[in-house]
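J.: Requesting a structural model of the entry that follows:
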Amino acid sequence: MSKIKIIRPSNTEVCEPGYHIVKGHYRNTKDGKTWVDIHKRKNRGNSKKMTYYPENLLYLFWNGQKTYKKLNRIIPFDGYHELDPIIQFWLDHWNTKFKKFPVIDPLLIKAIIAKESSFNPKADPRVSHSSAYGLLQIVDKSRNALAKKIDSSVSMEYIKAERKDLEDPVVNIAVGTRWLVVKYFLLKRNKKGNIHNLIKAYYGNKSEKENDKYLKAVLKYYNTSVKPNRSSK
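T.: Predicted coordinates:
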């Protein structure tokens, strides 16, 4: 059975939100160069604005206390149940931060992953001139937009992550579900904030025909999913 490797980071690779990790480096002094060990540093700037770095996203997930259930298996793929708690954790997290964000069935996110990347954490379609990367195929434009103020209704919860960081399923799903929050509130402002429109907006093709085709493919994965076997891991 195929499986995605979910690696728990070491204590030196994570830190609580409001701080970031500074890697070990040499620092110039009047006596020459001196080595500074890896350490965490408090973020600068507006205290009301929360910026998440990959080390914060990893900290939040790996320190979570809630136990999550297995989601259905998406046909024709294997279970990929190692992703199930990650999907559910981040949906819970953003629902806590954004009270008006709708409760989304986590299986729908799993269906989007199936459509976007076929569960390949390193899916990279650069041959098609796209910057999309990872499980939820996050493009550079979306990733960069999350690092700054986008809209008054969805600001004050930012994410700063590099393209390479998206290889980690925890980071990728955190960023992808956060982007769904942005898309939802922008749709809601235009009175189009329903789940089907949200799926199409996530795809974001300029052609409505292609958007409808994408929605249909995601819903097919969703509607034909099957319950996990008891023995599946």
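
J.: any chance you could map the strands in the chain?
T.: 19-22, 25-29, 32-36, 39-42, 50-52, 157-159 (DSSP state E).

J.: mind putting those in JSON lines, mean neighbour count, mean pLDDT and distance to His93 included?
T.: C-betas here are computed from N, CA, C, even on glycine. JSON lines is the format used below for the strands of the chain (neighbours: other Cβ atoms under 10 Å; pLDDT from 0 to 100; distance: least, Cβ to Cβ, whole Å):
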{"stretch": "strand 19-22", "mean neighbour count": "16", "mean pLDDT": "91", "distance to His93": "18"}
{"stretch": "strand 25-29", "mean neighbour count": "9", "mean pLDDT": "77", "distance to His93": "32"}
{"stretch": "strand 32-36", "mean neighbour count": "9", "mean pLDDT": "77", "distance to His93": "32"}
{"stretch": "strand 39-42", "mean neighbour count": "11", "mean pLDDT": "89", "distance to His93": "21"}
{"stretch": "strand 50-52", "mean neighbour count": "20", "mean pLDDT": "90", "distance to His93": "10"}
{"stretch": "strand 157-159", "mean neighbour count": "19", "mean pLDDT": "90", "distance to His93": "10"}
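
J.: burial of Asp37, as a residue count?
T.: When neighbours are counted by other Cβ atoms under 10 Å, Asp37 registers 9.

J.: can you check Leu146 too?
T.: Leu146: 21 neighbours (other Cβ under 10 Å).

J.: same check, this time on the one 10 residues further on
T.: By the measure other Cβ under 10 Å, the count of residues near Met156 is 12.

J.: Then the one 4 residues further on?
T.: Residues contacting Lys160 under the criterion other Cβ under 10 Å number 16.

J.: ditto for Pro121
T.: 18.

J.: Go ahead and confirm it touches Gly134.
T.: Yes. Taking contacts as Cβ atoms under 8 Å, Pro121 lies within contact range of Gly134: 5.9 Å.

J.: Now do the shared contacts for the two.
T.: 167, 169, 172 (Cβ atoms under 8 Å, 6 or more residues apart in numbering).

J.: Output those residues as a markdown table; include the columns neighbour count, distance to Ala111 and pLDDT.
T.: What follows is those, written out as a markdown table (neighbours: other Cβ atoms under 10 Å; distance: Cβ to Cβ, whole Å; pLDDT from 0 to 100):
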| residue | neighbour count | distance to Ala111 | pLDDT |
| --- | --- | --- | --- |
| Glu167 | 15 | 21 | 96 |
| Pro169 | 24 | 16 | 98 |
| Asn172 | 27 | 16 | 98 |
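
J.: Out of these, list just those in helices.
T.: Those of these mapping onto helices are 169, 172, per DSSP state H.

J.: just the shared contacts of Pro121 and Gly134 now: which is nearest Ser117?
T.: For these, the closest approach to Ser117 (Cβ to Cβ) belongs to Asn172, at 9.1 Å.
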